[in-house]
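*Asks:* Next comes the sequence, and after it the predicted model I'd like to discuss.
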2 protein chains.
Amino acid sequence: MRTRLTERLGIALPILQAPMAGVSTPAMAAAVSNAGGLGAVALGAGTADQARQAMAAVRAATNRPFGVNLFTHAPAVRDVAREAGWLDRLQPVFAEFGVEPPQSLTELYRSFNEDDAMLAAVVEARPPVVSCHFGLPAPNRVAAIKAYGGFLLVSATTVAEARTAEAAGADAVVAQGYEAGGHRGTHGLDDEAIGSFALVPQIAAAVSVPVVCAGGVADGRGIVAALALGAEAVQIGTAYVACPESAAAAPYRALLADAARSARTGVTAAISGRPARSIRTRFVDELGPHEAAAPAYPVAYDAGKALAAAAGANGSPEFAAVWAGQHVIPDRTLPAAELTRHLMADAAAVLSRLASHVVHGPVTWADAESWLARYGIAWEGGDVDLLVSLFTQDARYIEKPFDPPLDGRDAIATYWGEGARDTQRDVSFTADVWSVVDGVVLAGWAAQFVRLPSGVQVSLDGVFRLRLQRDPGGAVLCSELREWWYKQEGG
Amino acid sequence: MRTRLTERLGIALPILQAPMAGVSTPAMAAAVSNAGGLGAVALGAGTADQARQAMAAVRAATNRPFGVNLFTHAPAVRDVAREAGWLDRLQPVFAEFGVEPPQSLTELYRSFNEDDAMLAAVVEARPPVVSCHFGLPAPNRVAAIKAYGGFLLVSATTVAEARTAEAAGADAVVAQGYEAGGHRGTHGLDDEAIGSFALVPQIAAAVSVPVVCAGGVADGRGIVAALALGAEAVQIGTAYVACPESAAAAPYRALLADAARSARTGVTAAISGRPARSIRTRFVDELGPHEAAAPAYPVAYDAGKALAAAAGANGSPEFAAVWAGQHVIPDRTLPAAELTRHLMADAAAVLSRLASHVVHGPVTWADAESWLARYGIAWEGGDVDLLVSLFTQDARYIEKPFDPPLDGRDAIATYWGEGARDTQRDVSFTADVWSVVDGVVLAGWAAQFVRLPSGVQVSLDGVFRLRLQRDPGGAVLCSELREWWYKQEGG
């Protein structure tokens, strides 16, 4: 499961551990990186000095690539009346726990775009990967990260955000689906609430940089699905919260482990001032309906944290930020390295199962006959025409009806790789072989990758037309595709 | 891509066309079924006589399986004051188009659970597949459908709904993710808004009947991703709206084809009284915020349709129900049969590309050496130990650290298929081969399916431990797995 992204990042597995401020630790990041994924720590909720310590702690525990995460939100526009009104609204809940609300609120976190001390700490420590959440890093931040060779990830929750991230210099885009736990990475305050399943393929089609699928990935099924959708890696958060290396408090872990509770999550801006997905605590259910009245991020979060502390001191986890995605597997508490390997082994099993649908070349005539028999095609001698599809590496292709159209049980049509037409680069092709019977495309195909020499022009004039025919020598179907092509093109 | 579900339905492709009341037609259903998928018509918005005509029209155009869809909502609880209030709220918009709102509203559609004439029509026509949306069919409906041999699909938007659907007799569950266009199939009125990516694997784990992934599937990537997530077919709606066989009006088609418009959708109950996803028209944006005041489904829909008619007569599509999912591909308008084949060919390309990660057995020593070289493992002779994973067909397995633990560059660990331990049934195994280098699991594996004879007991005592070693005869790695096992077990 090597992809452009794993190659560029220098990691063995297409798994990124989500940075998760307040949950991730240097020990977690190092464990994931040592296991072959990309571990990460969150710097956005701390000072530059804390960031230095965190990055040094990761470096002390691994010599592999790792990431750091920064918040690139637009700084809060303060509104004293709004803040006071919000504290008034929270007052009865504070009172329930015998605590007075704070007199005033502060802007908890500085945006990376304003925090020059943080920029200096990052440039000094040179973390291999820097990810930005809540919008674009400022151009001088992008330039500084690129200048030391850092790889820049930017979160996007819509196709439009992904396009702006790429234009701003992102080396890859984290496509964060609505399923994801914790804060939504919306650049503005609008939330289109697009699920990973719809978001990832559309972003992958819209940008040329690699895409990471975040949101809903909790097992091998999700990893393989993300790759199918066009992602080149996944980012997994919630699954790592239960690891021993996590900084999550015991009540947070307990709610995650409670299947009835962790099955129900909701997105609200009431906790921090920005939409974020949490288990449906009392905070979500009782204050979520009033989220429109909450102060700006991160000012509201100051109130939310005070409320969490008041409730926590009274033994209630119901006002903590219990971030969780829509896919929690409650009974899995492995150390981070084991979890990473477990996820990958699970993905391998899923992929192996899926791949069993694919008949790999070389395919002999005997294979083809047994395949025809499997799909109930009575073949009584003579040529069998098959539908052949040729795809470029990035699976772009155009479809053209075969001319003249053939009718009857066995028809032939030819597809070709448009993306390859004028390219000067190496191109891999896949030949997918189908049989058309009574208008039905029967599932079953043969795949063969043919690497074309650099500089070769691919013509669209039926070069790739392929007929399955009995060769006296025992015709090889797909592994001869290249031969056919060279023969016909003289290439 | 044959699955339990395609086998049971007798279809060649794992593609179900969503029934889409007001959009699907008998011509569309027949075209999809003739192309190898499962076409469907919606009966819920019409009378029993209209249902008879629709089913007869499908039968006249195909002799393949097809589906019909019925609404199994709880009948509306009427509230005259609420209905009048809603009409008052809509009055200014009606006025904009020079039309008076209706004086009162009617319950447009009868629930299938109440409509005995519809039940009689269905039982008489015996459609091979019956799908129910908005809740469970009543027990006597389930019994009647099963009595004639019908296959029952029930929509679910949560794991809990899927469990009740299975318990009520559903032969398969349509897991409808939040991405889906049109009406959410929530059984009650609460909407957990779970994305397909998170919903499908959790439902697949919770029920034993096949799962269909609906929501966000618009191309081959989505089809393969759905299968990876544990679905056995997909249901595709929005992509079929643009087909020539669709009953969608020109303004609906125009909005779908407008990339800027179709990229933005929203869920609202304001149009019909039940949450449904539409392109963000003025209806969604201006009346959506007031959805809590809307009458019950389908009473609100009577008002919505009157408003759509008033606006439409004045040339505005902004108050029509422009149902669309979160994944619209605006520039694709193929006939339904071609679209079906196109989707499947696209899926084949995606799957072939994914499958290229899997090295299929038999794997020779030469293969293994080139694989080791590919992942940069310098091998200088002697045995190379590989991490071996054994999975049951359903990919359940347990993980156990190898004892004693091995260190160094080459380590071995053994996994096994717990699901097979006490089974009397045939079991397929996949052997996934990994190399562990400095704690990193390197991606790359070999797969081989071994069908065990019925009645064979699989022991957990390290039987499957496998070492990659140079065999004088040119060791075959995975295809010898069975030999190893038989040798060691004397089976």
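*Replies:* All right, it came through fine.
*Asks:* contacting residues for the residue of chain A found nearest chain B?
*Replies:* Using Cβ to the nearest Cβ, the closest approach of chain A to chain B is made by A:G195 at 3.0 Å. In short, each C-beta sits where N, CA and C put it, glycine included. For A:G195, the contacting residues are A:177-179, A:215-216, B:177-179, B:195-197, B:215-216, B:326, by Cβ atoms under 8 Å, 6 or more residues apart in numbering or on different chains.
*Asks:* Using TSV, please lay out those together with pLDDT.
*Replies:* Shown next, in TSV, are those (pLDDT from 0 to 100):
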residue	pLDDT
A:G177	98
A:Y178	98
A:E179	98
A:G215	98
A:G216	98
B:G177	98
B:Y178	98
B:E179	98
B:G195	98
B:S196	98
B:F197	98
B:G215	98
B:G216	98
B:Q326	98
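*Asks:* Now distance to B:A292 and secondary structure too, for these, in JSON lines please.
*Replies:* Compiled in JSON lines, these are given as follows (distance: Cβ to Cβ, whole Å; DSSP: H, G, I helix; E, B strand; the rest coil):
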{"residue": "A:G177", "distance to B:A292": "27", "secondary structure": "coil"}
{"residue": "A:Y178", "distance to B:A292": "21", "secondary structure": "coil"}
{"residue": "A:E179", "distance to B:A292": "25", "secondary structure": "coil"}
{"residue": "A:G215", "distance to B:A292": "28", "secondary structure": "coil"}
{"residue": "A:G216", "distance to B:A292": "28", "secondary structure": "coil"}
{"residue": "B:G177", "distance to B:A292": "24", "secondary structure": "coil"}
{"residue": "B:Y178", "distance to B:A292": "19", "secondary structure": "coil"}
{"residue": "B:E179", "distance to B:A292": "23", "secondary structure": "coil"}
{"residue": "B:G195", "distance to B:A292": "23", "secondary structure": "coil"}
{"residue": "B:S196", "distance to B:A292": "26", "secondary structure": "helix"}
{"residue": "B:F197", "distance to B:A292": "28", "secondary structure": "helix"}
{"residue": "B:G215", "distance to B:A292": "24", "secondary structure": "coil"}
{"residue": "B:G216", "distance to B:A292": "27", "secondary structure": "coil"}
{"residue": "B:Q326", "distance to B:A292": "23", "secondary structure": "coil"}
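*Asks:* neighbour-wise, which of those leads?
*Replies:* Top of the contacts of A:G195 by neighbour number is B:F197, holding 39 neighbours under the definition other Cβ atoms under 10 Å in any protein chain shown.
*Asks:* Grab the nearest non-local neighbour of that residue.
*Replies:* Excluding the flanking residues, the one nearest B:F197 by Cβ to Cβ, 6 or more residues apart in numbering or on different chains is A:G216, at 3.5 Å.
*Asks:* again with A:W323
*Replies:* A:G182 (3.9 Å).
*Asks:* low pLDDT regions in chain A?
*Replies:* A:349, A:352, A:355-491 (pLDDT under 70).
*Asks:* Grab the most central residue of it for me.
*Replies:* By Cα atoms, centre = their mean, chain A has its centre lying nearest to A:C213, at 1.1 Å.
*Asks:* Would you mind naming the helix or strand containing A:L256?
*Replies:* A:L256 belongs to helix A:250-257 when assigned by DSSP states H and E.
*Asks:* State which helix of chain A is the longest.
*Replies:* Scanning chain A for the longest helix, with DSSP state H as the assignment, gives helix A:336-355.
*Asks:* Can you list the buried residues in that helix?
*Replies:* A:336-337, A:339-355 (16 or more other Cβ atoms under 10 Å in any protein chain shown).
*Asks:* Likewise for stretch A:207-216?
*Replies:* Here stretch A:207-216 shows A:207, A:209-216 as buried, counting by 16+ other Cβ under 10 Å.
*Asks:* what's the span of it, first residue to last?
*Replies:* Terminal residues of stretch A:207-216 are spaced 22 Å apart (Cα to Cα, to the nearest Å).
*Asks:* ditto for stretch A:186-206
*Replies:* 18 Å.
*Asks:* Quick check: buried residues in that stretch?
*Replies:* Of the residues in stretch A:186-206, A:186-187, A:192-204, A:206 count as buried by neighbour count, 16+ other Cβ under 10 Å.
*Asks:* ok, now stretch A:163-177?
*Replies:* A:164-166, A:168-177.
*Asks:* Now for the closest residue to A:G266 other than its chain neighbours, how many residues are close by?
*Replies:* Leaving out its chain neighbours, the residue that sits closest to A:G266 by Cβ to Cβ, 6+ apart is A:V284, at 4.6 Å. Using other Cβ under 10 Å, A:V284 has 25 other residues around it.
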